[in-house]
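A.B. asks: The following comprises the amino acid sequence and a computationally predicted model.
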Amino acid sequence: MENMQYAEELARDYLVFRGFTCTLQTFETELYTDIGKEFQVDKILDFIFSVYIPKFQAEKLVGLFSFFKQCFSSWSETMMLDTLLKLDGSVLRCYIVHALRSGRKDKVVEFFGMNGSDLLLKSSDWSPWFAIPYLKNPSMGPQFHVYFSNEWYAALCLSVRNIFSEIFCDTHIL
């Protein structure tokens, strides 16, 4: 972490020295919104559960998991990558459930419009989910009931915390 801060300071000094004020402003903005957040689990959880899901920022949620899958796709530990992929699907389902609970079926339809093809390519498990915005009360149906429970949400939050903690425990930042 100290190496990261030192590198950021060097970059700032260089940009100031060269007079790249616009670039410095962009650099500062990107540091502030850095999705990796120096691999701090609590900050990642805040992004997922306090920003991206409640504020219906599906594209950023998808981008976050794409970022991590790309970062860790060369791991020899394929079990961890498989777990990350499953977690990605669960977090996206959480987004859909939150949108429906908030009365925002339009966000669910928009989500499937933007990501539906990719989801179907990943897994056929997503097929029934395409009907969810059109169901009268999906939380009562046997297929979706579990996803609307507080227990499932709590387990998801814990799983996200655990997997990112394990991933970052083995990650060395230069």
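C.D. replies: Everything's here; your move.

A.B. asks: Tell me where the chain has helices.
C.D. replies: Counting by DSSP state H, the chain has helices at residues 2-18, 21-32, 41-46, 58-71, 78-101, 105-122, 150-169.

A.B. asks: now the fourth one against helix 105-122, angle please.
C.D. replies: What that stands for is helix 58-71. Between helix 58-71 and helix 105-122, the angle comes out at 30 degrees (axes from the mean of the first three to the mean of the last three Cα atoms, to 10 degrees).

A.B. asks: try the fifth one
C.D. replies: Counting by the same axes, to 10 degrees, helix 78-101 lies at 160 degrees to helix 105-122.

A.B. asks: Could you name the helices and strands sitting against helix 78-101?
C.D. replies: Contacts defined by 3 or more Cβ pairs under 8 Å, 6 or more residues apart in numbering; DSSP states H and E place helix 78-101 against helix 58-71, helix 105-122, helix 150-169. All C-beta spots, glycine's among them, are computed from the backbone N, C-alpha and C.

A.B. asks: closest one to Phe49 among those?
C.D. replies: Phe49 sits nearest to helix 150-169 of all the helices and strands packed on helix 78-101, at 6.4 Å, using Cβ to Cβ.

A.B. asks: Just the buried residues of the closest one, please?
C.D. replies: Trp152, Leu156, Val160, Ile163, Phe164, Ile167, Phe168 (16 or more other Cβ atoms under 10 Å).

A.B. asks: how about the nearest residue to Phe130, chain neighbours excluded?
C.D. replies: Sequence neighbours aside, Phe112 is the residue nearest to Phe130 in space, at 5.9 Å (criterion: Cβ to Cβ, 6 or more residues apart in numbering).

A.B. asks: okay, and for the protein, where does confidence drop off?
C.D. replies: Applying pLDDT under 70 to the chain flags residues 1-6, 32-39, 71-79, 170-174.

A.B. asks: so what are the domain limits for it?
C.D. replies: Using automatic domain parsing, the domain ranges for the chain come out as 1-33, 36-169.

A.B. asks: Good, wrapping up.
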